[in-house]
Every structure is written in structure tokens, then in C-alpha cells.
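Asks: Okay, structure incoming, though there's no sequence with it:
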């Protein structure tokens, strides 16, 4: 391993509702993901990686701040015109990197507040291009509830209403390539938050025609194509050695595969919160490696801060852990004693080592909790990953 670059470029690719078993490198035989599989073969693949929530907004808040969703005031999914959002006083990966002189951009789904004071541009992102919440929160043919037209935003301005969703992955990818090219000679942070595979799955025709797994598989393959375009551009510009690429998903799937796990999005079974995660950094992270350490999205911020020599303020509680030793020294021991599974404001389970203890089961209808049932169930996840 060479001495690490103090200011590497960082690209964080976060999918929407992509399940644990939706990628070839995590066992899928339905979806063709050669470029993501290549990413895994060139970096480290985590087999015990968790998001801090099984639903969108809390998951993203935790990933960007390094703190559990309740700690930063985002325990549940936000809807259009919500009066709440991620407080501008919170530090994010973008805000700390901007302080270090990075160029910062978010492309895609934000979902942490659509009012001006909560937008990405108030959280360290110099540029923003995307939709401020989920792709089903607009005018739909068969709406579950009435929403205003879906806004496509540039920075803090609505540029279009109800954009053609089948075209968005292409448009997002082109935005990403332009940003990388523009800032190839200075450190940059690109957070690419895909629309796919959130329902409704609206995907370009060329992917649908090739897919062996319907529109869902087409959406997974559109993500794979996008990853390939980004990796090819990094290589073509000669900056892939200086670039950390992180690939993951915000929560478990509905309609895809969370195998071999039990449960799905919106649940604290493993299938709701255990996700794919791949990190690639040539000459720093060993290629074709794997880690069974318990690693979480909370760990991104403190690890990035450590790599870039950013001194985190001691007056803020960070729940994440620095995982540099796992990345660079190939240590395979988790830096945390426990990981907590929350659904909205309810602590439902805790994992320590191979053991997972369920203490509450949430009975729900849609996004509404009907009742919390106390339970006492202990699972050995090494021998029973499906919590049977």
C-alpha cells in the first residue's frame, strides 16, 4: 500500500431500494451487473454492512452525518412541503469536505427536506441537480395520495416539473461525467443518489429490451451502466487511482431480492437494513477482498474525515466508527460493540457480534404504526442469516 493521498476524490453512489441480493457479486442470477461486479473485484466487498434505517429519509440523514437518525431529528420519511428537514447546523460529509477545499455536488434524490433552509445547498453541496424526494411523490396515474408536480431542481431553482423519469438516469449520469471532467484537477466529492430501483420503476427502453428480469432488472442494469460510464471516465482522465468510489443502497428492496435475508424495506429484519457495500481505491484498498466486519453507513463520515485529516468537533456525538484499519490493514474485527435497529422512533433490535436480539415488532399499515409488540427473540446471524 502506498502512502494515502490526503485529498482523494470521493464518489458516493447510493441506490434507492436496491436489495441485498440484487447484484451479481451478492448472488443475483437474474440481474446482469458486470460493471458493479468489476468494482467489487477491484475493491473490498462487505458482507455485514448496514444502513441505519430501513426507509429513505432517516437512512440518508444517518449516512451523511454519521449519527443515528433520531439524533439528527429525522426518524421518519419526509413528504413534499414538510415543515421539517435536516438542520443546517448538522455537519455532513459534504460540509466537512467543502471546508477542506473540495468541490461538492449532489446528483439525484435528496429527501432530507424540500424547504429552502433544508436543501442540499445549505448542507455543503455547492451544486445540486435532482429531485428533492422520492420519484412517486409527484402526479401519478394511480396515486396513493395527492402530491404537487414532481420538481427537477438545479441548486435551489425548480427547472422542470414532472420530468420524464425514463430519461433521468441518462441525464444524471451526464451531469456526473461533466462534473468529474470539470474538476479533474482539484479534489471533488460527488454524491450520486440514483432514482432506481424505487417504485414506480420507470426505466429507459434500451434496458427494458435487454433485461431478463423485467423492468426491475432493467433498472438495476441501468445503474450498472451508469457505474461503468463513471469508472471509464475516471480511467480516461487518469484520476481513478486518486478516487475513492463507494457503492451502496439506502435500504432493502420491495419487489427485488433481499436474499438470503428475511424481511424487506420498512422492517428491521436483516432484509430491511443489511445492504451491499463496495469500496474501491486502487493501491490503497486491496483488490478482490472481502470483510465480514460489522460496518455501517454511519462509518463513512468519520472514516472520510480521518483519511482527509479533517478534525471532527468534540462537541458533536458521532455514532460512526473509523474503519480505516479494515480498509487499509485488512483487520476483520468490527470497531463497534453494538449496532441498533430503529424503525422511526422505535428501537426494535440490537446486534452485538454474531447475536441479534429483537425486542419490539412493529405492526404497521403503510407508513403508519398500528401497534408495537414486545418480543424477545435471539438469533445467531452467523449460522442463521435468514433469522428463521
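Replies: Nice, I can see it. Worth saying up front: this structure is predicted, and the values here are computed from it rather than measured.
Asks: need the helices for the stretch 151-300 of the chain, in chain order.
Replies: Counting by DSSP state H, counting those that start in this stretch, the stretch 151-300 of the chain has helices at residues 168-182, 205-210, 214-237, 270-273, 300-307.
Asks: now the protein, which segments are flagged as low pLDDT?
Replies: Of all residues in the chain, those with pLDDT under 70 make up the ranges 1-5, 366-369.
Asks: longest strand anywhere in it?
Replies: Counting by DSSP state E, the longest strand found in the chain is strand 368-380.
Asks: on contacts alone, who are the packing partners of it?
Replies: When contacts are defined as 3 or more C-beta pairs under 8 Å, 6 or more residues apart in numbering; DSSP states H and E, strand 368-380 packs onto strand 355-365. Backbone N, C-alpha and C define where each C-beta goes, glycine included.
Asks: Which residues belonging to the strand it packs on are considered buried?
Replies: Neighbour counts using 16 or more other C-beta atoms under 10 Å place 356-358, 360-362 of strand 355-365 among the buried residues.
Asks: Stretch 214-232 too?
Replies: For stretch 214-232, by 16+ other C-beta under 10 Å, it's 215-231.
Asks: Stretch 184-192 too?
Replies: By neighbour count on 16+ other C-beta under 10 Å, the buried set for stretch 184-192 is 184, 187-192.
Asks: Which ones among these map onto strands?
Replies: Per DSSP E, these map to strands at 188-192.
Asks: out of the residues you listed, who's nearest residue 302?
Replies: Comparing those against residue 302 with C-beta to C-beta places residue 189 closest, at 15.5 Å.
Asks: can you pull the contacts of the closest one?
Replies: Counting by C-beta atoms under 8 Å, 6 or more residues apart in numbering, residue 189 touches 9-12, 93-94, 97-98, 102-105.
Asks: The same query, at a cut-off of 6 Å, please.
Replies: By C-beta atoms under 6 Å, 6 or more residues apart in numbering, residue 189 lies in contact with 10, 97, 102, 104.
Asks: Out of these, flag the one nearest to residue 39.
Replies: Of the contacts of residue 189, the one sitting nearest to residue 39 (C-beta to C-beta) turns out to be residue 10, at 14.7 Å.
Asks: sec struct for the closest one, please.
Replies: strand (DSSP: H, G, I helix; E, B strand; the rest coil).
Asks: For it, give its distance to residue 187.
Replies: Distance of residue 10 to residue 187, computed by C-beta to C-beta, to the nearest Å: 8 Å.
Asks: Would you reformat the buried residues of strand 355-365 as TSV and include distance to residue 78?
Replies: Converted to TSV, those look like this (distance: C-beta to C-beta, whole Å):
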residue	distance to residue 78
356	28
357	30
358	27
360	23
361	25
362	19
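Asks: Not counting sequence-adjacent ones, nearest residue to the most centrally placed residue in the chain?
Replies: Geometric centre of the chain, nearest residue: residue 14, 3.5 Å, by C-alpha atoms, centre = their mean. Of all residues not flanking residue 14 in the chain, residue 193 sits nearest, at 4.9 Å (C-beta to C-beta, 6 or more residues apart in numbering).
Asks: and that neighbour, what are its bridge partners?
Replies: Under DSSP bridges, the beta-bridge partners of residue 193 are residue 14, residue 108.
Asks: Now do the contacts for it.
Replies: By C-beta under 6 Å, 6+ apart, the neighbours of residue 193 are 14, 108-109.
Asks: Residue 211 contacts residue 218, correct?
Replies: Yes - if you go by C-beta atoms under 6 Å, residue 211 and residue 218 touch, sitting 3.9 Å apart.
Asks: Run a quick neighbour tally on the residue lying closest to residue 331 once chain neighbours are set aside.
Replies: Closest residue to residue 331 apart from its sequence neighbours, by C-beta to C-beta, 6+ apart: residue 325 at 4.3 Å. Neighbour count for residue 325, taken as other C-beta atoms under 10 Å: 15.
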